[in-house]
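*Asks:* Quick one, what's the 3D model for this:
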Amino acid sequence: MQNYYESFILLSNNQKLSYIGYGDTNENTVIFLHGFGSSVRSIHPDTKILDKYNIRFFALNRPGYGESDFDLGYSMEDYADWVDEFLIAKGIQKASLIGWSAGGLYSQVFTTKYPEKVTCLNLVSSAIPLNSSETKRILPMNWKMIGVMNRYIPLMTKFYFKSLSKKVAKNMDATIQESIEQMVEEDKKVVNDPIMQAAIIKGAVEGYRNSGIGVYYDALALCKEFKVFKNSISNIKVNIWQGGKDTIWTVETSNYLREKYPNSTYTYIDNAGHLLYLSNWDNILKKSVG
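*Replies:* Okay, the predicted model is just below:
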């Protein structure tokens with residue numbers, strides 16, 4: 001059986017963009033964009049599911065995550081350009097995108113900018129704009145705080161993520177356990193699977209490496225103004241996935257996405273939390289290429 005492999009491409013700005021790949025000869029290409037404070041290492045470990053749907057799979061890191069180089073002050077539009085460079089480097093004409101959590105917002109920006117390269121947009125427990133008057137009322141409190149801090153006291157945000165990075169490095173087991181204890185029961189069930197737990201921990205460790213600076217600049221990028229929901233997306237298949245017990249991105253935020261993408265399909269799973277992308281990986285992949 002084949003395994004995931006790790007590599008990188010050199011972008012036009014001479015910076016590395018690191019990724020995990022699988023199935024170079026498979027026909028259906030899927031690109032996965034990871035969540036905030038996570039990385040490509042957080043993906044589902046079972047590659048047999050990829051073969052089941054004949055999927056050529058790539059998970060891409062953002063700047064400062066994993067082995068990707070830093071890029072100070074980048075925007076989500078900049079990252080969309082780098083994803084496009086990746087597709088060109090790999091000779092990929094079109095791909096299905098899976099964006100989990102913050103990766104869902106990046107995937108929307110890419111689809112807005114390069115609609116001709118997207119066959120299907122899959123928004124799983126997806127983020128919504130942080131700086132829009134439309135979303136201010138329904139943003140979860142932690143994201144409201146990040147948005148306010150980045151706008152008015154960014155140095156405090158930087159200090160917070162550096163401190164969290166040191167905490168992870170100093171006592172990873174205790175920090176991970178503390179994080180698990182704060183999860184909803186549905187996510188705890190996912191994390192208690194040793195195989196899934198290993199993937200989640202690897203993703204978090206890579207996410208908060210480099211003294212947490214990658215997470216800091218990711219937060220800044222997420223808070224910058226941008227334009228999505230253009231008519232160019234109207235002809236693209238959009239699948240929205242929401243866990244009923246998700247407290248990170250809630251039912252209210254997925255309802256916002258449903259309004260913005262009126263022709264989308266909506267999959268609501270009552271007994272799922274924010275880690276829905278792991279507990280329902282098979283179904284998500286099936287729908288992304290179906």
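
*Asks:* Residue 90 against residue 60, yeah?
*Replies:* No: the pair residue 90 / residue 60 is not scored as a contact, 10.7 Å apart, by C-beta atoms under 8 Å. All C-beta atoms are positioned from the backbone trio N, CA, C, and that covers glycine.

*Asks:* neighbour count winner among the two?
*Replies:* Counted by other C-beta atoms under 10 Å, residue 90 and residue 60 do not tie: residue 60 has more neighbours, with 26 against 16.

*Asks:* Would you list the phi and psi of the more buried one?
*Replies:* phi -110, psi 130 (degrees, to the nearest 10).

*Asks:* got the contact list for it?
*Replies:* Neighbour list for residue 60: 17, 18, 19, 31, 32, 33, 34, 40, 83, 86 [criterion: C-beta atoms under 8 Å, 6 or more residues apart in numbering].

*Asks:* Among these, which ones are in strands?
*Replies:* Assignment to strands by DSSP state E places the following of the contacts of residue 60 there: 17, 18, 19, 31, 32, 33.

*Asks:* Run through the strands of the stretch 151-290 of the chain in chain order.
*Replies:* 237-243, 265-269 (DSSP state E, counting those that start in this stretch).

*Asks:* Run through who's touching the first one.
*Replies:* Which is strand 237-243. Residues contacting strand 237-243 (C-beta under 8 Å, 6+ apart): 119-126, 186, 249, 251, 254, 257-258, 261, 263-269, 272-274, 276-277, 280, 284, 287-288.

*Asks:* Check the shortest one too.
*Replies:* The set of residues that contact strand 265-269 without belonging to it, under C-beta under 8 Å, 6+ apart, is 237-244, 251, 254, 258, 276, 280, 283, 287.

*Asks:* Now do the buried residues in that strand.
*Replies:* Neighbour-count burial for strand 265-269 flags 267, 269 (criterion: 16 or more other C-beta atoms under 10 Å).

*Asks:* One more: stretch 218-228?
*Replies:* Result for stretch 218-228 [16+ other C-beta under 10 Å]: buried residues 218, 219, 220, 221, 222, 223, 226, 228.

*Asks:* could you dump that stretch to CSV, C-alpha only?
*Replies:* Written as CSV, here are the backbone C-alpha positions of stretch 218-228 (Å, rounded to 0.1, in the frame of the first residue of the first chain):
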residue,chain,number,x,y,z
ASP,A,218,-2.2,33.4,9.6
ALA,A,219,-4.5,35.3,12.0
LEU,A,220,-3.5,38.6,10.5
ALA,A,221,-4.3,37.3,7.0
LEU,A,222,-7.7,36.0,8.1
CYS,A,223,-8.6,39.5,9.5
LYS,A,224,-7.7,41.4,6.3
GLU,A,225,-10.5,42.6,4.0
PHE,A,226,-11.2,40.5,0.9
LYS,A,227,-13.9,39.9,-1.6
VAL,A,228,-15.6,36.5,-2.0
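
*Asks:* and it, how far from the chain's centre?
*Replies:* 14 Å (C-alpha atoms, centre = their mean, to the nearest Å).

*Asks:* Same question for stretch 47-63.
*Replies:* 14 Å.

*Asks:* on that earlier part again, turn the strands of the stretch 151-290 of the chain into TSV, columns for distance to residue 79 and mean pLDDT.
*Replies:* Output for the strands of the stretch 151-290 of the chain, formatted as TSV (distance: least, C-beta to C-beta, whole Å; pLDDT from 0 to 100):
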stretch	distance to residue 79	mean pLDDT
strand 237-243	20	97
strand 265-269	26	98
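
*Asks:* any chance of the ones you listed in CSV, plus distance to residue 49?
*Replies:* Shown next, in CSV, are these (distance: least, C-beta to C-beta, whole Å):
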stretch, distance to residue 49
strand 237-243, 16
strand 265-269, 17
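
*Asks:* My understanding was that residue 2 contacts residue 47; is that so?
*Replies:* Yes: the criterion here is C-beta under 8 Å, and residue 2 meets it with residue 47 at 6.2 Å.
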